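Undergrad: Pasting the sequence and the predicted coordinates here, then a few questions.
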2 protein chains.
Amino acid sequence: MDKKYTIKDIAKLAGVSKGTVDRVLHKRGKVSPAALDKVNEVLKVIDYEPNLIARNLKNNKIYRICILLPDPEIDPYWRPCLNGIDDAVKEFKAYNLVIETFYFNPEKKKSFLKTNEAVLKLSPDAVLLAPLFHKETVDVIEKYHSLNIIVNTFNNQVESSFVKSFVGQDLFRSGRVAAKLIDSITGNGQIAIVHIDETYKNAIHMQEKERGFRTYFDEKENSAYTITTLKLKNPNVEISFNTFLNENPEVTGIFVTTSKAYQIAKIISDFKSKKIRVVGYDLIDENVTYLNQGVIDFMIHQNQKRQAYLGITSLVEHFLFQKEIPEMILLPIDIVNAENAEYYMV
Amino acid sequence: MDKKYTIKDIAKLAGVSKGTVDRVLHKRGKVSPAALDKVNEVLKVIDYEPNLIARNLKNNKIYRICILLPDPEIDPYWRPCLNGIDDAVKEFKAYNLVIETFYFNPEKKKSFLKTNEAVLKLSPDAVLLAPLFHKETVDVIEKYHSLNIIVNTFNNQVESSFVKSFVGQDLFRSGRVAAKLIDSITGNGQIAIVHIDETYKNAIHMQEKERGFRTYFDEKENSAYTITTLKLKNPNVEISFNTFLNENPEVTGIFVTTSKAYQIAKIISDFKSKKIRVVGYDLIDENVTYLNQGVIDFMIHQNQKRQAYLGITSLVEHFLFQKEIPEMILLPIDIVNAENAEYYMV
DNA sequence: AAACAAAGTGTGTTCGAGCACATTTATTGT
DNA sequence: ACAATAAATGTGCTCGAACACACTTTGTTT
């Protein structure tokens, strides 16, 4: 009674051949009403699940998945993705899959385009894309789509009906989470939203986070805060921010919208004054150091590793087990302090 | 060149039959040194990965996994586990697996023992166990082991060399995380550690959390806190705790070590005084309500759903793909506030 | 040198789904 | 009524690993 039913079982029960059962199951037609009824009758009673293993053995096509992301040597933000990719590769290495990773220079559109061309030459079955340059991305996605190549994106969202799936975080919401954290640990005073320019980075990222952050305080009744937005650019971050701190002694909290919270932390830890609380993004080493020192209070974890991993697995499971690819996977917005950080690292 | 090598390929390359290759790969002996060399030579050059799909098709044994946990009707803490089990069942329903769930009454040892007997009768290949009663658990684990049934545990740790794997959280560490949170949001004053007795619950749970919590403050230099431990029992929680609050006006923070933070939250929200911060465990509805109202500041998420899910998947992957079962899977200690709670629920 | 055992090697079948193709049955036109 | 054609149905092979079993070669004993 535990046994899983096979096509053969159904055939026997229905008094037809496995070919007929197969045609019914796949709606391939060429089945008489009588036979159709008999098979459906059996299917109604038993609980048939095709054996995915057997199905897959037969279909031994090799699927090629290409992943495009910025070179982690240039921007370490992307390093955790490699672990996610690695996990997926290990998990699926016994299947007929080729998973290849390609880096581009996140500061150069040309590099992005060239990498995409190289990928196109391989005519993969799917690409997983970290879409940095908006216009260019839309173009390449259209190209992929016209060649019947599935496009999944992660980390950055891009408006295109040709994108099959997005894996990432709700940035607006993550801004709200940061706001709640700042609210919890300060209580009042002046708050600075700090955008540290990373030249190439899609400004929409930071804007969404700011919008979420401000919305939280807008909704809060009799809020005892004033909020200031600061746009800083390297290499002037230190000077500009020091000036700001001197001119605004009421600052109690700082929200850094990029991975560069450590730059602010460095300045603050030198700055002798009453405690200023800091919330930032991403568990890169420099940030964790200041988190452990108590200069940064909370980090929000964007889980790039899992983003990459889930981006791949949804494709693999689609190809191997014809699972549907979810249109959007929103990862939890993980709150990290000095005590739970290690669980989220690598 | 992308093609995966098969045993047949190796046989052809080595100039032997697939039977010989098979014997070499499985070290079944009965291979001449000459043939062995030839095959090994080929294996050295190419990168052979046996096709797990084919391997599995052949070995079509049905594996039975039984899961034992407290009845969620009696203790809703366990409800999320059902979702995790459900996910796993759905994911693997196409394989030769039977996954069965059994509930016991967490207040009655007898129920636990009886459920285990019922499971034993089914002679499963593995059981996944939420071990509540220490002595009884050790006994049944030994019994399972003697019958060659793999035992995985989750949520509660139990000392037994016969346990193959544990999935859960580091409770000591989670106490530290709570301490850091309280420290972040209060800064000084009196802190109460509140154990709300859940009669049957393994006291070790709460003790470990308290130990971690206190250790954090012990390590902190010139800490401006005093810490008091309170053991409350229903139905006297309300009276006792009100008395405590009246006698201790300096209380700034409360750490509730069980899922019952909402009981404390209820009392505090009626208690007109300066803000008292609360950190508790588990995203049950009552807690989330107070989290959204701002009475509870942070919850620590124990991710029962994922515990159950990972407990099952590690077994399934062991049976199906002979993956090793990790001895211990420690889940991250998720920090939850009102803004990110929804991502961790269900 | 024959007889026999032991060691080594190859062949063929199985697992379940899927599909091509062969075969049988039903339907149409003349 | 009998081809001719269409529709329905069944058979048999494939995928790759695993293993039973049959077969061949080598070695040992008398």
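TA: Ah, there it is. Because the structure is predicted, anything quoted here is derived from the model rather than measured. Residues are numbered from 1 along each chain as shown, chains lettered A, B, ... in the order given.
Undergrad: packing partners for the helix or strand hosting A:Ile193?
TA: For A:Ile193, the host element (DSSP states H and E) is strand A:189-196. Identification of packing neighbours for strand A:189-196 by 3 or more CB pairs under 8 Å, 6 or more residues apart in numbering or on different chains; DSSP states H and E yields helix A:203-219, strand A:225-232, helix A:237-247, strand A:251-256, helix A:261-270. C-beta here means a position set from N, CA and C on the backbone, and glycine is covered the same way.
Undergrad: Which strands or helices does the last one pack on?
TA: Applying 3+ CB pairs under 8 Å, 6+ apart, one finds that helix A:261-270 contacts strand A:189-196, helix A:237-247, strand A:251-256, strand A:277-281, helix A:285-293.
Undergrad: got the angle between the second one and strand A:225-232?
TA: This means helix A:237-247. The directions of helix A:237-247 and strand A:225-232 differ by 150 degrees, with axes from the mean of the first three to the mean of the last three CA atoms, to 10 degrees as the criterion.
Undergrad: so where is the stretch 1-150 of chain A shaky, pLDDT-wise?
TA: Along the stretch 1-150 of chain A, segments meeting pLDDT under 70 span A:1-2.
Undergrad: Near A:Gly29, how many residues? Count them for me, please.
TA: Neighbour count of A:Gly29, defined by other CB atoms under 10 Å in any protein chain shown: 8.
Undergrad: From A:Arg23, how far off is it?
TA: A:Gly29 is 7 Å from A:Arg23, where distance means CB to CB, to the nearest Å.
Undergrad: what's stretch A:209-227 in contact with?
TA: The contact list for stretch A:209-227, computed with CB atoms under 8 Å, 6 or more residues apart in numbering or on different chains, reads A:171-180, A:183, A:186-193, A:195, A:229, A:250, A:255, A:257, B:339.
Undergrad: Which PyMOL command selects the buried ones in those?
TA: PyMOL command restricting the contacts of stretch A:209-227 to the buried ones, with burial defined by 16 or more other CB atoms under 10 Å in any protein chain shown:
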select buried, (chain A and resi 171+173+174+175+176+177+178+179+180+183+186+189+190+191+192+193+195+255+257) or (chain B and resi 339)
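Undergrad: So for the helix or strand where A:Leu320 lies, mean pLDDT?
TA: In the assignment (DSSP H and E), A:Leu320 maps to helix A:304-321. What helix A:304-321 shows for mean pLDDT is 94.
Undergrad: Could you do stretch A:197-206 as well?
TA: Across stretch A:197-206, the average pLDDT comes to 70.
Undergrad: Could you give the number of residues near A:Tyr344?
TA: When neighbours are defined as other CB under 10 Å, A:Tyr344 has 21 of them.
Undergrad: Please enumerate the strands of the stretch 1-150 of chain A.
TA: Listed in chain order, the strands found in the stretch 1-150 of chain A under DSSP state E, counting those that start in this stretch are A:63-70, A:97-104, A:126-129, A:150-154.
Undergrad: tell me what the last one is packed against?
TA: Spelled out, it's strand A:150-154. For strand A:150-154, the packing partners by 3+ CB pairs under 8 Å, 6+ apart come out as strand A:126-129, helix A:134-146, strand A:165-168, helix A:304-321.
Undergrad: so what's the nearest residue to A:Glu208 once chain neighbours are set aside up against?
TA: In space, and not counting its chain neighbours, A:Glu208 is closest to A:Leu171: 3.8 Å by CB to CB, 6 or more residues apart in numbering or on different chains. Counting by CB under 8 Å, 6+ apart, A:Leu171 makes contact with A:205, A:208-209, A:212.
Undergrad: Let's see if you can find the most crowded of those residues.
TA: A:Lys209 (28 neighbours).
Undergrad: so what's that residue closest to, chain neighbours aside?
TA: Once flanking residues are discounted, A:Lys209 sits nearest to A:Gly175: 4.0 Å by CB to CB, 6+ apart.
Undergrad: can you confirm the one you found is in a strand?
TA: No - using DSSP: H, G, I helix; E, B strand; the rest coil, the assignment for A:Gly175 is helix, not a strand.
Undergrad: Is it possible to get a markdown table of the helices and strands packed on strand A:189-196 that adds distance to A:Ser17?
TA: Shown next, in a markdown table, are these (distance: least, CB to CB, whole Å):
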| stretch | distance to A:Ser17 |
| --- | --- |
| helix A:203-219 | 59 |
| strand A:225-232 | 72 |
| helix A:237-247 | 75 |
| strand A:251-256 | 68 |
| helix A:261-270 | 67 |
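Undergrad: Which positions in the stretch 201-346 of chain A make contact with chain B?
TA: Residues of the stretch 201-346 of chain A found near chain B (CB under 8 Å from any CB of the partner chain) are A:216, A:297-298, A:321, A:330-340, A:343-344.
Undergrad: pLDDT score assigned to the residue nearest to A:Lys209?
TA: We have a pLDDT of 98 for A:Gly175.
Undergrad: Check the one 10 residues further on too.
TA: Among the per-residue scores, A:Ile185 shows a pLDDT of 94.
Undergrad: which parts of the stretch 51-200 of chain A sit against chain B?
TA: With CB under 8 Å from any CB as the criterion, the stretch 51-200 of chain A meets chain B at residues A:51-54, A:56-57, A:62, A:64, A:93-96, A:98, A:173, A:176-177, A:179-181, A:184-185.
Undergrad: about what we covered before: among the helices and strands packed on strand A:189-196, which comes closest to A:Ser161?
TA: Evaluated over the helices and strands packed on strand A:189-196, closeness to A:Ser161 peaks at helix A:203-219, with 18.5 Å, by CB to CB.
Undergrad: buried stuff in the closest one?
TA: In helix A:203-219, counting by 16+ other CB under 10 Å, buried: A:205-206, A:208-210, A:212-214, A:216-217.
Undergrad: centre of the chain versus that helix, how much separation?
TA: Averaging C-alpha positions (CA atoms, centre = their mean, to the nearest Å) puts helix A:203-219 19 Å from its chain's average.
Undergrad: between that helix and strand A:189-196, how big is the angle?
TA: Per the same axes, to 10 degrees, the angle that helix A:203-219 makes with strand A:189-196 is 170 degrees.
Undergrad: For helix A:203-219, list the C-alpha coordinates in PDB.
TA: The C-alpha trace of helix A:203-219 is given here as PDB (Å, rounded to 0.1, in the frame of the first residue of the first chain):
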ATOM      1  CA  ALA A 203      20.600  55.100  -7.500                       C
ATOM      2  CA  ILE A 204      17.200  53.500  -7.300                       C
ATOM      3  CA  HIS A 205      18.500  51.200  -4.700                       C
ATOM      4  CA  MET A 206      19.400  53.900  -2.200                       C
ATOM      5  CA  GLN A 207      16.300  55.900  -3.100                       C
ATOM      6  CA  GLU A 208      14.000  53.100  -2.300                       C
ATOM      7  CA  LYS A 209      15.700  52.500   1.100                       C
ATOM      8  CA  GLU A 210      15.400  56.200   1.900                       C
ATOM      9  CA  ARG A 211      11.700  56.200   0.900                       C
ATOM     10  CA  GLY A 212      11.000  53.300   3.200                       C
ATOM     11  CA  PHE A 213      13.000  54.800   6.000                       C
ATOM     12  CA  ARG A 214      11.200  58.200   5.800                       C
ATOM     13  CA  THR A 215       7.800  56.600   5.400                       C
ATOM     14  CA  TYR A 216       8.200  54.800   8.700                       C
ATOM     15  CA  PHE A 217       8.800  58.100  10.500                       C
ATOM     16  CA  ASP A 218       6.100  59.900   8.600                       C
ATOM     17  CA  GLU A 219       3.600  57.300   9.800                       C
END
